[in-house]
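J.: below is the sequence, then the predicted model.
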Amino acid sequence: RTPPPCTTVFRWNKPTIDGTVRFLRSPVMPAVVLDQRVAPFAVPAAAEDLLYNAGATVGVLGGAYALVRAFDELTRRNILHQGLSRKLVHILSGLLFLVSWPIFSNSPKARYFAAFVPLVNCLRLLVNGLSLASDEGLIKSLTREGDPQELLKGPLYYVLILIFCALVFWRESPIGVVSLGMMCGGDGVADIIGRKYGSIKIPYNQNKSWVGSISMLVFGFLVSIGILCYYSVLGHVQLDWASTVPRVAFISFVATVVESLPITEIVDDNISVPLVTMAVAFSLFSNS
Ligand SMILES: Nc1ccn([C@@H]2O[C@H](COP(=O)(O)OP(=O)(O)OP(=O)(O)O)[C@@H](O)[C@H]2O)c(=O)n1
Ligand SMILES: C/C(=C\CO)CCC[C@H](C)CCC[C@H](C)CCCC(C)C
(Lines give C-alpha, C1' and ligand atoms only; values in the text may rest on other atoms or scores of the structure.)
(Ligands and ions follow the chains in the order given, each with its own letter.)
Protein backbone atom coordinates (compact mmCIF):
# COMPACT_ATOMS: atom_id res chain seq x y z
CA ARG A 1 0.00 0.00 0.00
CA THR A 2 1.50 3.31 -1.02
CA PRO A 3 2.13 5.35 2.12
CA PRO A 4 0.04 8.53 2.22
CA PRO A 5 1.68 11.52 0.54
CA CYS A 6 2.68 13.60 3.48
CA THR A 7 5.72 15.15 5.03
CA THR A 8 6.69 14.22 8.53
CA VAL A 9 9.01 15.73 11.04
CA PHE A 10 11.31 12.82 11.83
CA ARG A 11 12.11 12.09 15.47
CA TRP A 12 14.29 9.01 15.76
CA ASN A 13 11.39 6.66 15.03
CA LYS A 14 9.52 7.43 18.27
CA PRO A 15 6.16 5.80 17.45
CA THR A 16 2.89 7.16 18.79
CA ILE A 17 -0.24 5.75 20.39
CA ASP A 18 -2.53 5.37 17.38
CA GLY A 19 -0.27 2.97 15.57
CA THR A 20 0.97 5.36 12.93
CA VAL A 21 4.61 6.12 12.84
CA ARG A 22 4.01 9.82 13.21
CA PHE A 23 6.94 11.88 14.43
CA LEU A 24 6.81 14.87 16.71
CA ARG A 25 9.11 17.82 16.66
CA SER A 26 11.17 17.48 19.80
CA PRO A 27 12.41 20.49 21.75
CA VAL A 28 15.36 18.30 22.68
CA MET A 29 16.34 16.43 19.52
CA PRO A 30 17.21 17.97 16.11
CA ALA A 31 14.35 17.59 13.67
CA VAL A 32 14.84 16.18 10.17
CA VAL A 33 12.03 16.50 7.64
CA LEU A 34 11.35 13.22 5.87
CA ASP A 35 8.88 12.56 3.08
CA GLN A 36 7.17 9.25 3.88
CA ARG A 37 6.66 8.58 0.13
CA VAL A 38 10.36 7.78 -0.09
CA ALA A 39 10.40 5.72 3.12
CA PRO A 40 12.16 2.45 2.05
CA PHE A 41 9.79 0.14 3.97
CA ALA A 42 7.18 0.33 6.73
CA VAL A 43 7.74 -1.70 9.91
CA PRO A 44 4.50 -2.36 11.80
CA ALA A 45 4.20 0.38 14.37
CA ALA A 46 3.56 -2.10 17.20
CA ALA A 47 6.81 -3.94 16.46
CA GLU A 48 8.67 -0.66 16.13
CA ASP A 49 7.26 0.54 19.42
CA LEU A 50 8.26 -2.68 21.17
CA LEU A 51 11.80 -2.55 19.81
CA TYR A 52 12.10 1.13 20.65
CA ASN A 53 10.96 0.67 24.25
CA ALA A 54 13.01 -2.48 24.73
CA GLY A 55 16.06 -0.50 23.68
CA ALA A 56 15.17 2.27 26.10
CA THR A 57 14.79 -0.30 28.90
CA VAL A 58 18.21 -1.77 28.18
CA GLY A 59 19.73 1.70 28.21
CA VAL A 60 18.16 2.69 31.53
CA LEU A 61 19.08 -0.68 33.05
CA GLY A 62 22.65 -0.02 32.01
CA GLY A 63 22.48 3.40 33.61
CA ALA A 64 21.18 1.91 36.86
CA TYR A 65 23.92 -0.71 36.94
CA ALA A 66 26.59 1.86 36.14
CA LEU A 67 25.34 4.21 38.86
CA VAL A 68 25.54 1.57 41.58
CA ARG A 69 28.94 0.34 40.33
CA ALA A 70 30.30 3.88 40.20
CA PHE A 71 29.40 4.57 43.82
CA ASP A 72 30.69 1.18 44.84
CA GLU A 73 34.02 2.06 43.28
CA LEU A 74 34.07 5.46 45.01
CA THR A 75 33.43 3.71 48.32
CA ARG A 76 36.06 1.02 47.67
CA ARG A 77 38.62 3.74 46.98
CA ASN A 78 37.57 5.51 50.19
CA ILE A 79 36.68 8.60 48.15
CA LEU A 80 33.16 8.45 49.57
CA HIS A 81 32.01 7.21 52.97
CA GLN A 82 29.65 4.25 52.67
CA GLY A 83 26.79 6.12 54.34
CA LEU A 84 27.13 9.13 52.03
CA SER A 85 27.44 6.83 49.01
CA ARG A 86 24.20 5.11 49.97
CA LYS A 87 22.35 8.39 50.30
CA LEU A 88 23.65 9.71 46.99
CA VAL A 89 22.49 6.50 45.30
CA HIS A 90 19.15 7.00 47.08
CA ILE A 91 18.85 10.54 45.69
CA LEU A 92 20.20 9.96 42.18
CA SER A 93 18.53 6.64 41.37
CA GLY A 94 14.98 7.82 41.72
CA LEU A 95 15.52 11.26 40.23
CA LEU A 96 17.43 9.91 37.22
CA PHE A 97 14.71 7.30 36.82
CA LEU A 98 12.16 10.13 36.60
CA VAL A 99 14.39 11.95 34.13
CA SER A 100 14.52 8.80 31.98
CA TRP A 101 10.73 8.39 31.65
CA PRO A 102 10.40 10.68 28.57
CA ILE A 103 12.88 8.45 26.73
CA PHE A 104 10.17 5.82 26.42
CA SER A 105 7.58 6.03 23.63
CA ASN A 106 4.10 7.53 23.81
CA SER A 107 2.55 4.05 23.79
CA PRO A 108 0.30 3.09 26.73
CA LYS A 109 2.67 0.09 27.21
CA ALA A 110 5.75 2.29 27.69
CA ARG A 111 5.26 2.45 31.47
CA TYR A 112 5.69 -1.33 31.70
CA PHE A 113 9.03 -1.14 29.96
CA ALA A 114 10.11 1.62 32.34
CA ALA A 115 8.86 -0.28 35.42
CA PHE A 116 10.93 -3.29 34.33
CA VAL A 117 14.08 -1.41 35.40
CA PRO A 118 13.21 -1.14 39.13
CA LEU A 119 11.74 -4.66 38.87
CA VAL A 120 15.12 -6.06 37.83
CA ASN A 121 16.72 -4.14 40.69
CA CYS A 122 14.05 -5.48 43.04
CA LEU A 123 15.06 -9.01 42.07
CA ARG A 124 18.74 -8.13 42.58
CA LEU A 125 17.93 -6.87 46.07
CA LEU A 126 15.91 -9.99 46.90
CA VAL A 127 18.55 -12.41 45.61
CA ASN A 128 21.35 -10.64 47.47
CA GLY A 129 19.27 -9.83 50.55
CA LEU A 130 18.34 -13.49 50.92
CA SER A 131 22.02 -14.39 50.36
CA LEU A 132 21.16 -16.47 47.30
CA ALA A 133 23.94 -14.49 45.63
CA SER A 134 26.54 -12.07 46.90
CA ASP A 135 27.16 -8.95 44.86
CA GLU A 136 29.65 -7.28 47.18
CA GLY A 137 29.46 -4.02 45.23
CA LEU A 138 25.70 -3.85 45.55
CA ILE A 139 25.79 -4.70 49.27
CA LYS A 140 28.56 -2.21 50.01
CA SER A 141 26.97 0.71 48.15
CA LEU A 142 23.41 0.15 49.34
CA THR A 143 23.76 -0.83 53.00
CA ARG A 144 24.84 1.09 56.08
CA GLU A 145 26.73 -1.73 57.80
CA GLY A 146 27.33 -4.20 54.95
CA ASP A 147 24.61 -6.59 56.17
CA PRO A 148 22.90 -8.10 53.09
CA GLN A 149 19.59 -8.29 54.95
CA GLU A 150 19.51 -4.49 54.99
CA LEU A 151 18.74 -4.73 51.25
CA LEU A 152 15.33 -6.20 52.14
CA LYS A 153 14.28 -3.04 53.98
CA GLY A 154 14.86 0.54 52.77
CA PRO A 155 16.23 -0.30 49.32
CA LEU A 156 13.52 -2.89 48.61
CA TYR A 157 10.70 -0.55 49.68
CA TYR A 158 12.35 2.14 47.54
CA VAL A 159 12.29 0.14 44.30
CA LEU A 160 8.75 -1.11 44.99
CA ILE A 161 7.62 2.53 45.23
CA LEU A 162 9.42 3.26 41.94
CA ILE A 163 7.57 0.40 40.27
CA PHE A 164 4.24 1.54 41.73
CA CYS A 165 4.68 5.17 40.63
CA ALA A 166 5.75 4.17 37.12
CA LEU A 167 2.76 1.83 36.64
CA VAL A 168 0.03 3.81 38.40
CA PHE A 169 0.92 7.46 37.81
CA TRP A 170 3.57 7.49 35.02
CA ARG A 171 4.31 10.77 33.20
CA GLU A 172 0.75 12.03 32.94
CA SER A 173 0.20 12.75 36.63
CA PRO A 174 2.10 15.02 39.02
CA ILE A 175 1.34 12.57 41.86
CA GLY A 176 4.11 10.10 41.04
CA VAL A 177 6.59 12.87 40.34
CA VAL A 178 6.02 14.61 43.67
CA SER A 179 6.01 11.31 45.59
CA LEU A 180 9.40 10.33 44.16
CA GLY A 181 10.69 13.88 44.44
CA MET A 182 10.02 13.81 48.19
CA MET A 183 11.17 10.23 48.79
CA CYS A 184 14.33 10.40 46.70
CA GLY A 185 15.23 14.09 46.64
CA GLY A 186 13.78 15.38 49.88
CA ASP A 187 14.40 12.48 52.26
CA GLY A 188 17.86 11.86 50.83
CA VAL A 189 19.02 15.45 51.29
CA ALA A 190 17.49 15.61 54.78
CA ASP A 191 19.80 12.78 55.79
CA ILE A 192 22.95 14.31 54.29
CA ILE A 193 22.35 17.86 55.56
CA GLY A 194 20.83 16.73 58.85
CA ARG A 195 23.71 14.41 59.75
CA LYS A 196 26.24 17.15 59.05
CA TYR A 197 24.56 20.28 60.35
CA GLY A 198 21.60 19.03 62.40
CA SER A 199 22.66 20.08 65.89
CA ILE A 200 19.30 21.64 66.82
CA LYS A 201 16.91 18.72 67.12
CA ILE A 202 13.17 18.70 66.62
CA PRO A 203 11.46 18.75 70.04
CA TYR A 204 9.33 15.66 69.40
CA ASN A 205 12.09 13.66 67.70
CA GLN A 206 15.66 13.86 68.95
CA ASN A 207 16.84 11.86 65.93
CA LYS A 208 15.77 14.50 63.46
CA SER A 209 16.81 18.13 63.17
CA TRP A 210 15.27 21.40 61.99
CA VAL A 211 17.91 21.90 59.32
CA GLY A 212 17.40 18.37 58.03
CA SER A 213 13.65 18.83 57.75
CA ILE A 214 13.92 22.28 56.19
CA SER A 215 16.38 20.82 53.65
CA MET A 216 13.89 18.10 52.82
CA LEU A 217 11.10 20.62 52.35
CA VAL A 218 13.09 22.98 50.13
CA PHE A 219 14.95 20.39 48.04
CA GLY A 220 11.98 18.07 47.69
CA PHE A 221 9.78 20.97 46.55
CA LEU A 222 12.35 22.30 44.06
CA VAL A 223 13.07 18.86 42.60
CA SER A 224 9.34 18.11 42.21
CA ILE A 225 8.68 21.43 40.49
CA GLY A 226 11.78 20.97 38.33
CA ILE A 227 10.72 17.53 37.08
CA LEU A 228 7.17 18.79 36.46
CA CYS A 229 8.61 21.66 34.39
CA TYR A 230 10.71 19.14 32.44
CA TYR A 231 7.65 16.99 31.74
CA SER A 232 5.59 20.07 30.88
CA VAL A 233 8.14 21.28 28.32
CA LEU A 234 8.07 17.83 26.70
CA GLY A 235 4.28 17.90 26.59
CA HIS A 236 3.59 15.07 29.04
CA VAL A 237 1.67 17.25 31.50
CA GLN A 238 -0.33 20.46 31.14
CA LEU A 239 -0.43 22.20 34.51
CA ASP A 240 -1.91 25.43 35.81
CA TRP A 241 1.25 26.60 37.55
CA ALA A 242 -0.59 29.24 39.63
CA SER A 243 -2.36 26.43 41.50
CA THR A 244 0.25 23.68 41.05
CA VAL A 245 3.10 25.47 42.84
CA PRO A 246 1.19 26.08 46.10
CA ARG A 247 -0.22 22.55 45.98
CA VAL A 248 3.24 21.03 45.59
CA ALA A 249 4.48 23.28 48.41
CA PHE A 250 1.75 22.04 50.73
CA ILE A 251 2.36 18.41 49.78
CA SER A 252 6.10 18.89 50.41
CA PHE A 253 5.32 20.36 53.84
CA VAL A 254 3.11 17.42 54.82
CA ALA A 255 5.70 14.90 53.58
CA THR A 256 8.37 16.71 55.61
CA VAL A 257 6.27 16.62 58.77
CA VAL A 258 5.64 12.89 58.30
CA GLU A 259 9.35 12.24 57.78
CA SER A 260 10.17 14.14 60.98
CA LEU A 261 7.87 11.97 63.14
CA PRO A 262 9.49 9.36 65.43
CA ILE A 263 7.91 6.44 63.55
CA THR A 264 10.97 5.02 61.76
CA GLU A 265 10.92 2.00 64.06
CA ILE A 266 7.31 1.30 63.03
CA VAL A 267 7.36 2.18 59.33
CA ASP A 268 10.30 2.93 57.05
CA ASP A 269 10.57 6.46 55.60
CA ASN A 270 10.66 4.88 52.13
CA ILE A 271 7.09 3.76 52.75
CA SER A 272 5.58 6.51 54.93
CA VAL A 273 6.89 9.50 52.95
CA PRO A 274 5.81 8.41 49.45
CA LEU A 275 2.48 6.91 50.52
CA VAL A 276 1.42 10.01 52.47
CA THR A 277 2.63 12.18 49.59
CA MET A 278 0.55 10.14 47.14
CA ALA A 279 -2.55 10.41 49.33
CA VAL A 280 -2.28 14.18 49.77
CA ALA A 281 -1.31 14.74 46.13
CA PHE A 282 -4.20 12.57 44.95
CA SER A 283 -6.68 14.60 47.04
CA LEU A 284 -5.31 17.88 45.71
CA PHE A 285 -4.75 16.98 42.07
CA SER A 286 -7.51 14.47 41.37
CA ASN A 287 -10.13 17.20 40.83
CA SER A 288 -7.95 19.20 38.44
N1 LIG B 1 14.71 15.45 59.07
C2 LIG B 1 15.90 14.85 59.28
C3 LIG B 1 16.22 13.62 58.69
C4 LIG B 1 17.45 13.04 58.92
N5 LIG B 1 18.35 13.67 59.74
C6 LIG B 1 19.67 13.09 60.00
O7 LIG B 1 19.90 11.97 59.14
C8 LIG B 1 20.03 10.76 59.91
C9 LIG B 1 19.36 9.62 59.20
O10 LIG B 1 18.03 10.02 58.98
P11 LIG B 1 16.91 8.95 58.65
O12 LIG B 1 15.95 9.51 57.67
O13 LIG B 1 16.37 8.38 59.90
O14 LIG B 1 17.76 7.88 57.97
P15 LIG B 1 17.28 6.46 57.73
O16 LIG B 1 16.04 6.52 56.88
O17 LIG B 1 17.24 5.67 58.96
O18 LIG B 1 18.51 6.06 56.91
P19 LIG B 1 18.48 5.14 55.71
O20 LIG B 1 17.75 5.88 54.64
O21 LIG B 1 19.92 4.99 55.49
O22 LIG B 1 17.75 3.89 56.16
C23 LIG B 1 19.37 11.08 61.23
O24 LIG B 1 19.86 10.24 62.27
C25 LIG B 1 19.75 12.54 61.42
O26 LIG B 1 21.08 12.62 61.88
C27 LIG B 1 18.03 14.90 60.32
O28 LIG B 1 18.85 15.47 61.06
N29 LIG B 1 16.82 15.47 60.09
C1 LIG C 1 19.93 2.77 48.86
C2 LIG C 1 18.64 3.08 48.24
C3 LIG C 1 17.52 3.22 48.99
C4 LIG C 1 17.47 3.13 50.49
O5 LIG C 1 16.97 4.29 51.08
C6 LIG C 1 18.58 3.20 46.74
C7 LIG C 1 18.41 1.83 46.06
C8 LIG C 1 18.69 1.99 44.56
C9 LIG C 1 18.27 0.79 43.72
C10 LIG C 1 18.88 -0.48 44.13
C11 LIG C 1 18.61 1.07 42.26
C12 LIG C 1 17.40 1.66 41.56
C13 LIG C 1 17.74 2.03 40.12
C14 LIG C 1 16.56 2.71 39.46
C15 LIG C 1 15.37 1.80 39.43
C16 LIG C 1 16.84 3.10 38.05
C17 LIG C 1 17.86 4.20 37.94
C18 LIG C 1 18.02 4.56 36.49
C19 LIG C 1 18.94 5.73 36.25
C20 LIG C 1 19.07 6.02 34.77
C21 LIG C 1 20.28 5.62 36.93
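T.: Received it, and whenever you're ready, just let me know what you need. Numbers count the residues shown, from 1 in each chain. Ligands and ions are numbered 1, 2, ... in the order given.
J.: quick one: contacts for the residue in the stretch 51-200 of the chain positioned nearest to ligand 1?
T.: Nearest residue of the stretch 51-200 of the chain to ligand 1: residue 194, at 2.2 Å (C-beta to the nearest ligand atom). C-betas here are computed from N, CA, C, even on glycine. Residue 194 makes contact with 208-209, 211-213, 215, according to C-beta atoms under 8 Å, 6 or more residues apart in numbering.
J.: in a helix, it, correct?
T.: Yes. With DSSP: H, G, I helix; E, B strand; the rest coil as the criterion, residue 194 is located in a helix.
J.: start at 441 instead
T.: Yep, numbering from 441; the last one is residue 634 now.
J.: and it, what's its pLDDT?
T.: At residue 634, the model reports a pLDDT of 97.
J.: can you give me the buried ones in the helix or strand harbouring residue 534?
T.: Counting by DSSP states H and E, the element that carries residue 534 is helix 522-540. Neighbour counts using 16 or more other C-beta atoms under 10 Å place 522, 524-535, 537-540 of helix 522-540 among the buried residues.
J.: hang on, the earlier thing: reformat the contacts of residue 634 as CSV; add neighbour count and secondary structure.
T.: Output for the contacts of residue 634, formatted as CSV (neighbours: other C-beta atoms under 10 Å; DSSP: H, G, I helix; E, B strand; the rest coil):
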residue, neighbour count, secondary structure
648, 22, strand
649, 22, strand
651, 17, helix
652, 27, helix
653, 22, helix
655, 23, helix
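J.: please name the residues that touch residue 543.
T.: Counting by C-beta under 8 Å, 6+ apart, residue 543 has contacts 496, 499-500.
J.: which of the residues you listed are buried? Put it as a ChimeraX command.
T.: Buried members of those, defined by 16+ other C-beta under 10 Å, are picked up in ChimeraX with:
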select :496,500
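J.: need the contacts of residue 543 in JSON lines with distance to ligand 1, can you?
T.: Shown next, in JSON lines, are those (distance: C-beta to the nearest ligand atom, whole Å):
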{"residue": "496", "distance to ligand 1": "29"}
{"residue": "499", "distance to ligand 1": "28"}
{"residue": "500", "distance to ligand 1": "23"}
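J.: closest one of the contacts of residue 543 to residue 590?
T.: Of all these, residue 590 sits closest to residue 500, with 24.7 Å by C-beta to C-beta.
J.: quick revisit: so which of the contacts of residue 543 reach ligand 2?
T.: When contact is defined as C-beta under 6 Å from any ligand atom, those meet ligand 2 at residue 500.
J.: now the strands for the protein?
T.: Remark: strands assigned in the chain by DSSP state E are 447-450, 472-475, 641-642, 645-649.
J.: the ones you listed: lowest mean pLDDT?
T.: Per-stretch mean pLDDT for these is lowest at strand 447-450 (a mean of 38).
J.: and the pLDDT at residue 581?
T.: We have a pLDDT of 87 for residue 581.
J.: for the one 5 residues further on, same thing?
T.: The pLDDT attached to residue 586 in the predicted structure is 89.
J.: since we're on residue 488, how many residues are nearby?
T.: Using other C-beta atoms under 10 Å, residue 488 has 18 neighbouring residues.
J.: before we move on, back to that, and the contacts of residue 543 as CSV, adding pLDDT?
T.: Listed next are the contacts of residue 543 as CSV, based on pLDDT from 0 to 100:
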residue, pLDDT
496, 98
499, 98
500, 98
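J.: out of the contacts of residue 543, list just those in helices.
T.: 496, 499-500 (DSSP state H).
J.: tell me the one among those residues nearest to ligand 2.
T.: residue 500 (4.9 Å).
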